[in-house]
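Peer 1: the amino acid sequence is not available; the structure is as follows:
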Ligand code: ADP
């Protein structure tokens, strides 16, 4: 955790009570010509430390848009995103980039690994960018990849890995800087059902083992049911789905 973020925390609020991610009154409007599409029409969400949450809803409901806003890749039309106590609307783009790099890990449907680097290097690089020393970064990458079941694949380039293995490396990379929050957009959507099941299991195991909070968009109700809570996005609104 950087000192800057510590300093930004309101002193009166105990860190343990703070959600890792807070969305308050988030709106997102896309304007194209005369058409005005309100994809997010006032979203509130508190995601506590270590909580895994599924984000479900029909295609086009705005799940990706919500994840982009929560991950500081896009600014909302209105509302506030707070990451570990740091209100983000007033931050400069540079501060948002730093916060994103150090405190948020992303997993996408497609792995987006660097093809010319080994699995190990793909997990080392984000740590070097965040300022961690080489020896520590290498050790941590090795440890994370071993936890993802890839101890024997460290020197493989992505092209020599199966789809499931590539996605495991992408998950290890997302966890490389020990983020407080993982945001995942259909992380197993490109895998066959059996592999998706395995990769999802190891994702949840490692996320839970590290105490990271996760918000995971998925179309798969079985995978959603394995998470602590489910939120459904429809008609611009987010509602918590009660367990059956
Ligand atoms: P989901 O992830 O739930 O499938 P998206 O967040 O990708 O939904 O998209 C929600 C809606 O917002 C869609 O109708 C999409 O066409 C629209 N949309 C997304 N991004 C843009 C954009 N940059 N400009 C205009 N419309 C957009």
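Peer 2: Okay, I see it. Everything numeric in this text was worked out from a predicted model, so none of it was measured.

Peer 1: max-length helix in the protein?
Peer 2: Here the longest helix in the chain is taken by residue count, with DSSP state H as the criterion, and it is helix 193-210.

Peer 1: please name the strands paired to the helix or strand following that helix in the sheet, noting orientation.
Peer 2: Following the chain from helix 193-210 toward its C-terminal end, the next helix or strand by DSSP states H and E is strand 213-217. Applying DSSP bridges, strand 213-217 is found paired with strand 52-56 (parallel), strand 181-185 (parallel).

Peer 1: now do the last one, average pLDDT.
Peer 2: It stands for strand 181-185. Strand 181-185 shows a mean pLDDT of 97 in the predicted model.

Peer 1: what do you get for stretch 63-77?
Peer 2: Per-region confidence: stretch 63-77 scores 97 on mean pLDDT.

Peer 1: what does it rub up against?
Peer 2: Taking contacts as Cβ atoms under 8 Å, 6 or more residues apart in numbering, the residues outside stretch 63-77 that touch it are 21, 23, 26-29, 39-40, 43, 55-57, 81, 83, 88-89, 96-97, 99-100, 104, 106, 181, 183-185, 215, 217, 233, 238. C-beta here means a position set from N, CA and C on the backbone, and glycine is covered the same way.

Peer 1: which among those end up buried?
Peer 2: Neighbour-count burial (16 or more other Cβ atoms under 10 Å) applied to these gives 21, 23, 26-28, 39-40, 43, 55-57, 81, 83, 88, 96, 99-100, 104, 106, 181, 183-185, 215, 217, 233, 238.

Peer 1: ok so, going back, possible to save the strands paired with strand 213-217 as TSV with distance to the ligand?
Peer 2: Converted to TSV, the strands paired with strand 213-217 look like this (distance: least, Cβ to the nearest ligand atom, whole Å):
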stretch	distance to the ligand
strand 52-56	9
strand 181-185	7
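
Peer 1: could you dump these to TSV with distance to residue 33?
Peer 2: Below are those laid out as TSV (distance: least, Cβ to Cβ, whole Å):
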stretch	distance to residue 33
strand 52-56	30
strand 181-185	28
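
Peer 1: from the buried ones among the contacts of stretch 63-77, which ones fall inside helices?
Peer 2: Secondary structure of those is defined by DSSP H; positions in helices are 96, 99-100.
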